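> I'd like to go over a predicted model; first the sequence, then the structure.
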Amino acid sequence: MPQLVSSASAFSPRFVPSSSNALKTSSLSKNAPAVFAAESRVRTTELSMVKQTPHGGELVDLILKTDEEKEAAIAKTTKSLQLTSRQLCDLELIMNGGFSPLTGFMDEATYKHVVENTELPSGLLFGLPVVFDTNDEDLQPGDIVLLKDGDRDIATIEFTDKFLPDKALECLKCYGTSAIEHPGALMVATERGRYYMGGKVTGLNLPIRDFPCKTPAEVRATLPESADVVAFQCRNPVHRAHYELFTRALDAENVSDDGVVLVHPTCGPTQADDIPGTVRYKTYEVLKDETHNPRVNWEYLPYSMHMAGPREAIQHMMIRKNYGCTHFIIGRDMAGSKSSVTGEDFYGAYDAQDFARDNASKLGMDTVPSLNLVYTEEEGYVTADLAEEKGLTMKKLSGTKFRQMLRGGEDIPEWFAFKSVVEVLRENS
């Protein structure tokens, strides 16, 4: 994978990533410890008859069901903590099984194994570490803490260990660079606390959000039995080319004739210049009503983006596997990012596709590479290769130009964007 060499390291001015640290998976050490905080299962949920099995074989459900159970769990706590928006997203996916087989935040051994090997100590593929960060000097292993979002009790956590992470190594392995021009490395360096803590989670209540986030079990219940389910991940409003992309994915040779699409946008924190999640949610809702396609399902994911390219592609595939998906559309430069200094891409256009394809069988998912579609005056959307072969007249509109037209109140061509989506974006600009 290409490495961006920069003097603006998040951790050391002399720490420069080398090409020898390309992302890869490795074989599991026979002596790797079994870590209960990462992989034990205290409660699993009954599944509907969808085709896909959860990651690790069972869908974790950590949410207590009765008020008596919740009161008893809270009574064991000795202090409370307010969650950051990123912690809240991670916690929700631990609680509801989106991060199955995790049952808590990773301890040091599990964290290190995922960072180094892109897998849990058991050998199960896992894209990125899931950690609880803090600057609190008083928190100690053995503490049982109530985790809150405002006034709402979300979960309790029994901390198992506390450690100083090697953040430079984490960024180098997970993002391919430790330079703070990368938004993920910047997040790790400036947003996360000094310490990471492993801990076993007990779920109390799901967060209340502006956008509804069904649990994996709830989403699975809406999917057709025994049919392929193709996941489409996005973090931006869906425009015409995106819609053509994920509906045409149903025609892929490795997708069954009765397959459906699950459009599953992330609505949590992302990089600074992205459209807010609440606005993105509104664009998806109006587009769902406008297109009304029975083969397209729409749900929302409480996930915070890392912009980690290939490693994040694995994370997204694993999560969608838990939500019942059998296939995943890997877009060009998926979860990619540019240097905030030079504007150069951190990853190659097809690094995520290649890494996902190479690990698909190990993950138990199929990939559907995204088509390179262009709009033509003569035939509408076709592949770029076909347009060149036929000499068709291609029309282009850059994202920068689109945003300028949006702010200036200019008419947006309907071949580029849905009118309903444009209206929402203008109302919320």
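Sure thing, it's come through.
> can you show me the helices along the protein?
With DSSP state H applied, the chain shows helices at 36-39, 67-75, 85-96, 108-117, 167-175, 183-190, 216-222, 240-248, 277-291, 310-322, 351-363, 384-390, 399-407, 419-427, listed in chain order.
> got JSON lines for the ones you listed, with mean neighbour count and distance to residue 161 too?
Where C-beta positions appear, they are placed from N, C-alpha and C, glycine not excepted. Compiled in JSON lines, these are given as follows (neighbours: other CB atoms under 10 Å; distance: least, CB to CB, whole Å):
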{"stretch": "helix 36-39", "mean neighbour count": "22", "distance to residue 161": "8"}
{"stretch": "helix 67-75", "mean neighbour count": "13", "distance to residue 161": "21"}
{"stretch": "helix 85-96", "mean neighbour count": "23", "distance to residue 161": "17"}
{"stretch": "helix 108-117", "mean neighbour count": "21", "distance to residue 161": "6"}
{"stretch": "helix 167-175", "mean neighbour count": "23", "distance to residue 161": "16"}
{"stretch": "helix 183-190", "mean neighbour count": "22", "distance to residue 161": "19"}
{"stretch": "helix 216-222", "mean neighbour count": "20", "distance to residue 161": "28"}
{"stretch": "helix 240-248", "mean neighbour count": "19", "distance to residue 161": "42"}
{"stretch": "helix 277-291", "mean neighbour count": "18", "distance to residue 161": "32"}
{"stretch": "helix 310-322", "mean neighbour count": "26", "distance to residue 161": "23"}
{"stretch": "helix 351-363", "mean neighbour count": "19", "distance to residue 161": "28"}
{"stretch": "helix 384-390", "mean neighbour count": "13", "distance to residue 161": "51"}
{"stretch": "helix 399-407", "mean neighbour count": "13", "distance to residue 161": "44"}
{"stretch": "helix 419-427", "mean neighbour count": "16", "distance to residue 161": "45"}
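> lowest mean pLDDT across these, which one is that?
Note on the helices of the chain: lowest mean pLDDT is at helix 36-39, with a mean of 44.
> about what we covered before: how about the helices of the chain, which one is nearest residue 52?
If you check each of the helices of the chain against residue 52 by CB to CB, helix 310-322 wins as the nearest, at 5.9 Å.
> helices and strands around that closest one, which ones?
Packing contacts for helix 310-322, counted by 3 or more CB pairs under 8 Å, 6 or more residues apart in numbering; DSSP states H and E, involve strand 229-232, strand 327-330, helix 351-363.
> quick one: mean pLDDT over the first one.
What it means is strand 229-232. pLDDT averaged over strand 229-232 gives 96.
> tell me how far it lies from the chain's centre.
14 Å (CA atoms, centre = their mean, to the nearest Å).
> one more: the longest one?
Centroid separation for helix 351-363 versus its chain: 16 Å, with CA atoms, centre = their mean.
> so what does it touch, helix or strand wise?
Counting by 3+ CB pairs under 8 Å, 6+ apart, helix 351-363 packs on helix 310-322, strand 327-330, strand 366-369.
> make TSV out of those and add distance to residue 175.
Below are the helices and strands packed on helix 351-363 laid out as TSV (distance: least, CB to CB, whole Å):
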stretch	distance to residue 175
helix 310-322	7
strand 327-330	18
strand 366-369	21
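> to residue 86, which of the ones you listed lies closest?
When these are compared by CB to CB, helix 310-322 sits nearest residue 86, at 13.8 Å.
> excluding its backbone neighbours, what's nearest residue 200?
residue 104 (4.3 Å; CB to CB, 6 or more residues apart in numbering).
> pLDDT value on that neighbour, please?
Looking at residue 104, its pLDDT stands at 98.
> out of the helices and strands packed on helix 310-322, nearest to residue 310?
Of all the helices and strands packed on helix 310-322, helix 351-363 comes closest under CB to CB, at 3.6 Å.
> how about residues contacting the closest one?
With CB atoms under 8 Å, 6 or more residues apart in numbering as the test, helix 351-363 has contacts from 1-2, 23, 25, 55, 118, 125, 309-314, 317-318, 321, 328, 330-336, 366-367, 369.
> run the last query once more with 6 Å
Identification of contacts with helix 351-363 by CB atoms under 6 Å, 6 or more residues apart in numbering yields 1, 125, 309-310, 313, 317, 330, 334, 367, 369.
> could I get those residues as JSON lines with distance to residue 180?
Shown next, in JSON lines, are the contacts of helix 351-363 (distance: CB to CB, whole Å):
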{"residue": "1", "distance to residue 180": "19"}
{"residue": "125", "distance to residue 180": "28"}
{"residue": "309", "distance to residue 180": "16"}
{"residue": "310", "distance to residue 180": "20"}
{"residue": "313", "distance to residue 180": "23"}
{"residue": "317", "distance to residue 180": "28"}
{"residue": "330", "distance to residue 180": "27"}
{"residue": "334", "distance to residue 180": "22"}
{"residue": "367", "distance to residue 180": "31"}
{"residue": "369", "distance to residue 180": "32"}
